[in-house]
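3D, please:
(2 chains, ligands or ions: 2)
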Amino acid sequence: MSPLGTAAQPLRVAIIGAGPAGFYAAERLFKETELVIEVDLYDRLPTPFGLVRNGVAPDHQKIKSVTAAFDRIAGNPRFRFFGHVELGSDVSVDELKEHYHQILYSTGAQTDRPLGIPGDDLIGSHPATEFVAWYNGHPDYRDCEFDLSQERVAVVGVGNVAVDVARILCRTPDELLKTDIADYALEQLRASKVREVHILGRRGPAQAAFTAPEAKELGELADCDTIVPADEAALDPLSQASLAGADRAELRKVEFIQELSRRQPAGKSKRLVLRFLVSPVELIGDENGRVKQMRLVRNVLYATDAGSLRPKATDQFETLDVGLVFRSIGYRGVPLPGVPFHDSWGVIPNAGGRVLDADSREPLVGQYTAGWIKRGPTGVIGTNKPDAAETVEAMLADAREGKVLSPANGTAAAAEALVQSHNVRIVTYDDWRRLDALELSHGKEQGRPRVKFTRVDDMLAALQES
Amino acid sequence: MKVRNILATKGGRVITIAPEETVRRAVALLVEQRIGAVVVTDAAGQLVGILSERDVIRAAAEDESIFGQPVSAIMTRAVVIGMPQDDVLAVAHTMLEKRFRHLPIVDEGRLIGIISIGDVLKTQRDAYQGEIDTLETRIIAAGE
Ligand SMILES: Cc1cc2nc3c(=O)[nH]c(=O)nc-3n(C[C@H](O)[C@H](O)[C@H](O)COP(=O)(O)OP(=O)(O)OC[C@H]3O[C@@H](n4cnc5c(N)ncnc54)[C@H](O)[C@@H]3O)c2cc1C
Ligand SMILES: NC(=O)c1ccc[n+]([C@@H]2O[C@H](COP(=O)([O-])OP(=O)(O)OC[C@H]3O[C@@H](n4cnc5c(N)ncnc54)[C@H](OP(=O)(O)O)[C@@H]3O)[C@@H](O)[C@H]2O)c1
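Ligands and ions are numbered 1, 2, ... in the order given. Next up is the predicted model:
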């Protein structure tokens, strides 16, 4: 047998999940000049790019354009995209082990964290993850229903996702028309009765998880006044002290928030109220089980041993009338069948990207992880690059030492035959390029950057026709 | 970013030593495992102290016979402890300010890991690098 990593016997790698982490991992693998490496990149959706397509806000088109860099990676002759193939329902880990030397899981964080308060499950209370996936046209969420006839909305959490959600709710139809927001979402948001959106932070401005540019953008909406109560924008002494060691970005964020708090409302038709030091304790429903109010408790901050500032409830409560609630307190990974899982953190247990056995905590041969499912749901698109690079370094080191799986059918043809044997219509990268061209041309017809396919059946039918 | 995001990729096995073990054994452990500090736990698994390279050097400078003594004789007992939900930014600030390099992490009374100042700085560096890499990816994309 020829040595592994040569033209005769390439190192064969399956990457599961075609988000940024998957693409950056492929890119790093292809940079390796001493080994010949083949990559099959799987995704359960027919479309690549993960949250860049289905998470990043449609009014941030410039950021979505990073996909052109991923297209280049996909142009490598040793790269194949196996879209519309799900690990779990279509192929299993055991099958992959028979066809690849290494498997990398980069499946991201597919679900949300619950608030765990009474009333969380009332009608009208939704995870932000679902709303985000809905307005971005994710096929699994396109049929979700959100009652946009409500005037007052609460968004729980002050991360960038909470800001995205609030911003989309407060944009004018004209602003949204310039985006690739799903067409049904555009229609429903056009008819939206939402007038007031409350973003609720449990700690103070200095601990807000959103970043400075996002804070600034909140103050620049066409027809929405952004309001921050002055007493909540003020810093307590502990926060003040914590800023002594902060970098410029942190300081700028706090400055923007305080600047917003000094503004006089300009009488625009919508209001976005940014609140701090409040935690929801209960959602109250009407007789039909629909949310009508949220009970909030005011918090004060205290310092932990290690110096981080945490919220502590006081005995002051208030009630907010809201007809729609989005909890945006973080994403959460889901377990993959046959792969170890750290349940309380929602990640795959790993050491520097090497997947660890759940019991022995020793590395499993040939199994790796990168991206949100590796480190948790944090970081921007580019954060997945150093993250994936760390994992790929481990993969290459192991490959050089011969610590790889021993696939019985380790060829490209055998892997494709395996997937075909499960009767799935593999969507290749060329197929995706055709879908992409169709979406762009549908967009052009309407004067929009893109009009997305939002049903898998429509995508497959379009491929059949073209 | 939270401490749990650092721990997530560290494997989660914590190297510990019992307080009655010798300092010699502890030093060997530090070398073997290539770590700068070892958490000291009692028979019930409760954290009772931490022994760092610095603790050893400081004690050895005063008394050359410490290597045969129990770990409990020279360990630091007043250990600052972190939680998985602590902010990395705040922890970095505290570690630099109070000048300690290792932070044991305890969750609901259970020792689940230890992070070093190196881990914290690497995480911060990766976060900045991530911003740069996002921009770089956008530039590559625009170059087409
Ligand atoms: C709402 C939102 C907005 C964001 N906006 C920005 C922004 O403006 N700028 C920025 O830089 N970052 C932004 N981010 C962060 C960025 O999107 C993430 O850092 C990044 O997408 C994480 O990459 P990933 O590859 O780990 O996961 P993902 O992007 O989630 O990719 C995971 C992929 O795995 C696939 N998958 C899952 N399970 C399976 C399975 N069983 N079989 C096969 N495939 C599977 C999924 O379909 C998906 O395509 C945003 C994140 C969110 C949630
Ligand atoms: N434009 C962009 O660049 C962009 C856009 C979207 C997302 N992203 C990135 O994607 C990642 C995920 O974003 P995210 O917004 O989902 O997560 P995040 O940044 O972790 O924010 C989560 C928010 O929820 C709060 N929270 C958590 N538990 C809570 C509880 N029980 N009650 C009340 N509040 C609670 C957190 O507060 P505490 O801090 O107090 O825990 C925090 O404000 C981030 O790294 C983000 O930067 C980037």
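
just the pLDDT for whichever residue of the stretch 51-200 of chain A sits closest to ligand 1.
At 2.3 Å from ligand 1, A:G108 is the closest residue in the stretch 51-200 of chain A, using Cβ to the nearest ligand atom. Just so you know, the C-beta spots here come from the backbone N, C-alpha and C atoms, and that holds for glycine as well. Note on A:G108: pLDDT of 98.

so, low pLDDT: which residues of the chain?
Reading this off chain A. Residues of chain A that meet the criterion pLDDT under 70 lie in A:1-2.

wait, I meant chain B there
Ranges of chain B meeting pLDDT under 70: B:12, B:144.

do that again at 80, thanks
Low-confidence segments of chain B (pLDDT under 80): B:12-13, B:144.

residues in it within reach of ligand 1, list them.
Within reach of ligand 1 by Cβ under 6 Å from any ligand atom, chain B has these residues: B:T134.

where do the strands of chain B begin and end?
Along chain B, the segments classed as strands by DSSP state E run B:16-17, B:37-41, B:47-52, B:102-107, B:110-116.

other residues contacting the first one?
Outside of strand B:16-17, the residues that reach it under the criterion Cβ atoms under 8 Å, 6 or more residues apart in numbering or on different chains are B:R25, B:A26, B:L29, B:V38, B:V39, B:V40, B:T41, B:L51, B:V71, B:L111.

what's the nearest residue to the last one if we skip its chain neighbours?
The one in question is B:L111. B:L47 (5.3 Å; Cβ to Cβ, 6 or more residues apart in numbering or on different chains).

returning to what we had before: tell me the one of the contacts of strand B:16-17 nearest A:R113?
B:L111 (24.2 Å; Cβ to Cβ).

quick revisit: the residue nearest to B:L111 bridge partners, please.
Here B:L47 sits in beta bridges with B:T41, going by DSSP bridges.

contact partners for it?
Here B:L47 is in contact with B:V39, B:V40, B:T41, B:V79, B:I81, B:P104, B:V106, B:L111 (criterion: Cβ under 8 Å, 6+ apart).

count residues in the vicinity of the residue of the stretch 51-200 of chain A closest to ligand 1, would you?
24 (other Cβ atoms under 10 Å in any protein chain shown).

for the longest helix along chain B, which positions count as buried?
Scanning chain B for the helix with the most residues, using DSSP state H, yields helix B:117-142. Judged by neighbour count (16 or more other Cβ atoms under 10 Å in any protein chain shown), helix B:117-142 contains these buried residues: B:117, B:119-120, B:123, B:126-127, B:129-131, B:133-134, B:137-138, B:140-141.

which of those residues sits closest to A:L320?
Once Cβ to Cβ is applied, the member of these that ends up nearest A:L320 is B:A127, at 33.6 Å.

now do the contacts for the closest residue to ligand 1 within chain B.
Residue nearest to ligand 1 within chain B: B:T134 (4.8 Å; Cβ to the nearest ligand atom). Listed by Cβ under 8 Å, 6+ apart, the contact partners of B:T134 are A:I63, A:V66, A:V380, A:I381, A:G382, A:T383.

not counting its neighbours along the chain, what's nearest the first one?
The reference is to A:I63. With sequence-adjacent residues excluded and distances taken as Cβ to Cβ, 6+ apart, A:I63 is closest to A:V56, at 5.4 Å.

now for that neighbour, how many residues are close by?
Counted with other Cβ under 10 Å, A:V56 comes out at 22.

what sits against it?
A:V56 sits in contact with A:I63, A:K64, A:N136, A:I381, where contact means Cβ under 8 Å, 6+ apart.

which of those fall in strands?
Using DSSP E, none of those sit in strands.

most neighbours among those residues, which one is it?
Going by other Cβ under 10 Å, A:I381 tops the contacts of A:V56 with 29 neighbours.

can you tell me how far that residue is from A:V158?
21 Å (Cβ to Cβ, to the nearest Å).

with A:Y302 instead?
Taken as Cβ to Cβ, the span from A:Y302 to A:V158 is 19 Å.

quick revisit: drop anything exposed from the contacts of B:L47.
B:V39, B:V40, B:T41, B:V79, B:P104, B:V106, B:L111.

if we can go back for a sec, any idea of the angle the longest helix of chain B forms with strand B:102-107?
Per axes from the mean of the first three to the mean of the last three Cα atoms, to 10 degrees, the angle that helix B:117-142 makes with strand B:102-107 is 80 degrees.

and helix B:117-142 with ligand 2, contact?
No. Interface with ligand 2: helix B:117-142 contributes nothing (Cβ under 6 Å from any ligand atom), its closest point being 7.8 Å away.

then stretch A:254-266?
No. Contact of stretch A:254-266 with ligand 2 (Cβ under 6 Å from any ligand atom) is absent, the minimum separation being 13.1 Å.

centre of the chain versus that stretch, how much separation?
The chain centroid and the centroid of stretch A:254-266 are separated by 29 Å under Cα atoms, centre = their mean, to the nearest Å.

what do you get for stretch A:58-69?
14 Å.

hmm, who's touching that stretch?
A:20, A:48-49, A:52-53, A:56, A:135-136, A:167-168, A:171, A:175-176, A:178-181, A:381, A:449, B:134, B:137-138, B:140-142, B:144.

A:N136 contacts A:G50, doesn't it?
No. Counting by Cβ atoms under 8 Å, A:N136 sits too far from A:G50 to count as a contact (11.1 Å).

what's near enough to touch the residue of the stretch 51-200 of chain A closest to ligand 1?
Contacts of A:G108 by Cβ under 8 Å, 6+ apart are A:G17, A:G19, A:A21, A:G50, A:L51, A:Y331, A:G333, A:G371, A:W372, A:I373, A:P377.

and for A:C144?
Per Cβ under 8 Å, 6+ apart, neighbours of A:C144: A:H126, A:E130, A:F131, A:A133, A:W134.

and of these, the nearest to A:A388?
A:A133 (23.3 Å).

A:L115 is in contact with A:P280, correct?
Yes. Judged on Cβ under 8 Å, A:P280 makes contact with A:L115 at a distance of 6.6 Å.

what's the overlap in contacts for these two?
A:V156.

and the two? Which one has more around it.
Neighbours per residue, other Cβ under 10 Å: of A:P280 and A:L115, the larger number sits with A:P280, 23 against 20.

what does the stretch 301-450 of chain A put close to ligand 2?
Residues of the stretch 301-450 of chain A lying close to ligand 2 by Cβ under 6 Å from any ligand atom are A:S328, A:I329, A:G330, A:Y331, A:P377, A:T378, A:G379, A:V380.

returning to that earlier point: make a markdown table out of the contacts of B:T134 and add distance to ligand 1.
Putting the contacts of B:T134 into a markdown table (distance: Cβ to the nearest ligand atom, whole Å) gives the following:
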| residue | distance to ligand 1 |
| --- | --- |
| A:I63 | 4 |
| A:V66 | 8 |
| A:V380 | 3 |
| A:I381 | 4 |
| A:G382 | 6 |
| A:T383 | 6 |
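
these in helices, which ones?
A:I63.

just the contacts of B:T134 now: which is nearest A:D315?
Nearest member of those to A:D315, counting by Cβ to Cβ, is A:V380, at 39.0 Å.

does the residue of the stretch 51-200 of chain A closest to ligand 1 count as helix, strand or coil?
coil (DSSP: H, G, I helix; E, B strand; the rest coil).

count of residues packed around the residue lying closest to B:A60 once chain neighbours are set aside?
Using Cβ to Cβ, 6+ apart and skipping residues adjacent in sequence, the residue nearest B:A60 is B:I66, 5.6 Å away. B:I66: 20 surrounding residues under other Cβ under 10 Å.
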